[in-house]
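*Asks:* Here is my input; please provide its structure:
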Amino acid sequence: MILLKKIFGTAFIFILSLLLFFVFTQKTNALTVSPPTIEVIAAPGQTASGEFVLYNEEPTAKIFYSSFEKFEASGETGAPNFTPSDEDLPTWIKTSAKVELKSGEKKKVNFEINVPADATPGGHFAAIFWSATPSDSEGVNAVSVGAKVGILVLLKVAGLTEEAAGIIEFSTLGAKNFYTARPVEFFYRFQNSGNDRVKPFGQISIKNITGIVKTVINANSAEGNVLPQSIRKFETSWPGSRLVAIDKEANFFKRYWQNVRNEWFNFGLGRYNAALELSYGEGQSKTDANYIFWIIPWHLLILVLILAFIIIFFGIKEVRAYNHWLINRALSQFKKRSGAHKKIKK
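*Replies:* Now for the predicted structure:
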């Protein structure tokens, strides 16, 4: 018994030590940059400048080193893919090679973008990274060691740009056509075939079978950009309210009532049309798409039909009983009157 206590005690101390290590390790690697994204427009041969803020949240003074990488779209999620580059925007950006910050200190850092005279009009993208580990330029081959905090730089070089974009797919998640209640989750895929980033904005209008608009949903609430020559997938939903999770391991009746509750508070019935309308680019070009789906709250409808049958059945029975009582009462009164007339004649 004593041996077991010692083992459990040692294990507890070991686990607690690991937790404390990870907590304090996360706190000692805290550097905040602001803003996280910088958008710049400049002409070929022009120099653009600006500033950002570095904030050292670590308990000790630190030196942070800068480095630059280009980025492009990674898949359709909108996540950037960073790669080192010795050309284009990463080589046009100039800022401090290193910045020393005391604990809790905030400092403004200036930067410049020297756009070459022969720069291609359109979008150019890079990131300014800051790390407590110096880059190769500082004589240490450790660019990938340690945490890095980045600022995205979105540069548009003025000139003749090509805007070619549009919706290539609009549907519900899982391509579902039938629902019993909200939420209804949508996605659309937006393709940018031009040479500059675009930020689509617009709405999804959901109309019932009579054409009445039931709700309007922001199609790009995160204000996400679509980089040139890429496709980005956006997701949004017609949300539900007061939802309860369906317990799949519960018995049939409990699951049934959970579905009834969700369908009651998120009622919908019939055919719906989701109309996606987007605008993008400087010319406010338009693109649209539609998707048809149905909401059939069959759990709730079955319950309503059962209740209606019960009400009608017992209602008819009560009406018949009441009519029978009226008829018997009328016959009884008639017989009494007939007997009274016979006595008068005698």
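
*Asks:* For the residue lying closest to residue 195 once chain neighbours are set aside, give me its contacts.
*Replies:* Spatial nearest neighbour of residue 195, excluding adjacent residues (Cβ to Cβ, 6 or more residues apart in numbering): residue 122 at 3.6 Å. C-beta coordinates here come from the backbone N, C-alpha and C atoms, glycine included. With contacts defined as Cβ atoms under 8 Å, 6 or more residues apart in numbering, the neighbours of residue 122 are 156, 157, 159, 161, 162, 194, 195, 196, 228.

*Asks:* ok, 7 Å please
*Replies:* Contact partners of residue 122, counting by Cβ atoms under 7 Å, 6 or more residues apart in numbering, are 157, 161, 195, 196, 228.

*Asks:* can you list those in TSV and add distance to residue 34, neighbour count and secondary structure?
*Replies:* Formatted as TSV, those follow (distance: Cβ to Cβ, whole Å; neighbours: other Cβ atoms under 10 Å; DSSP: H, G, I helix; E, B strand; the rest coil):
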residue	distance to residue 34	neighbour count	secondary structure
157	25	24	strand
161	29	17	coil
195	30	19	coil
196	25	23	coil
228	27	21	coil
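
*Asks:* which of those residues lies closest to residue 249?
*Replies:* residue 228 (49.0 Å; Cβ to Cβ).

*Asks:* Now do the strands in the stretch 201-346 of the chain.
*Replies:* Per DSSP state E, counting those that start in this stretch, the stretch 201-346 of the chain carries strands over the ranges 201-207, 213-218, 230-238, 270-280, 285-295.

*Asks:* picking that back up, just send the contacts of residue 122 back as TSV, with distance to residue 133 and pLDDT too.
*Replies:* Below are the contacts of residue 122 laid out as TSV (distance: Cβ to Cβ, whole Å; pLDDT from 0 to 100):
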residue	distance to residue 133	pLDDT
157	32	96
161	38	86
195	35	92
196	34	93
228	32	94
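
*Asks:* which among these gets closest to residue 176?
*Replies:* Nearest to residue 176 among the contacts of residue 122: residue 228, at 32.5 Å, using Cβ to Cβ.

*Asks:* In contact with that closest one, which residues?
*Replies:* Residues near residue 228 by Cβ under 7 Å, 6+ apart: 122, 123, 192, 194, 195, 196, 197.

*Asks:* Same check on residue 148?
*Replies:* Counting by Cβ under 7 Å, 6+ apart, residue 148 makes contact with 129, 130, 131.

*Asks:* Quick check: buried residues in stretch 187-206?
*Replies:* By neighbour count on 16 or more other Cβ atoms under 10 Å, the buried set for stretch 187-206 is 187-188, 190-192, 194-198, 200, 202-206.

*Asks:* Show me the domain layout of this protein.
*Replies:* 2-157, 165-296, 307-334 (automatic domain parsing).

*Asks:* which stretch in those domains is the model least sure about?
*Replies:* Mean pLDDT values for the domains of the chain show the minimum at domain 2-157, a mean of 80.

*Asks:* Now do it: distance to the chain's middle.
*Replies:* Once both centres are worked out by Cα atoms, centre = their mean, to the nearest Å, domain 2-157 turns out to sit 25 Å from its chain's centre.

*Asks:* what do you get for stretch 248-264?
*Replies:* Offset of stretch 248-264 from its chain centre (Cα atoms, centre = their mean): 27 Å.

*Asks:* Same question for it: list its buried residues.
*Replies:* Buried residues in stretch 248-264, counted by 16+ other Cβ under 10 Å: 258, 259, 260, 261, 262, 263.

*Asks:* which pair in the residues you listed spans the largest distance?
*Replies:* Maximum distance among these (Cβ to Cβ): 9.8 Å, for 258 and 263.

*Asks:* will you turn the strands of the stretch 201-346 of the chain into JSON lines that also has distance to residue 167?
*Replies:* Formatted as JSON lines, these follow (distance: least, Cβ to Cβ, whole Å):
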{"stretch": "strand 201-207", "distance to residue 167": "10"}
{"stretch": "strand 213-218", "distance to residue 167": "15"}
{"stretch": "strand 230-238", "distance to residue 167": "10"}
{"stretch": "strand 270-280", "distance to residue 167": "7"}
{"stretch": "strand 285-295", "distance to residue 167": "5"}
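
*Asks:* Nearest to residue 326, out of those strands?
*Replies:* Of all the strands of the stretch 201-346 of the chain, strand 270-280 sits nearest to residue 326, with 42.8 Å by Cβ to Cβ.

*Asks:* if we can go back for a sec, keep only those of the buried residues of stretch 248-264 that are in helices.
*Replies:* 258, 259, 260, 261, 262, 263 (DSSP state H).
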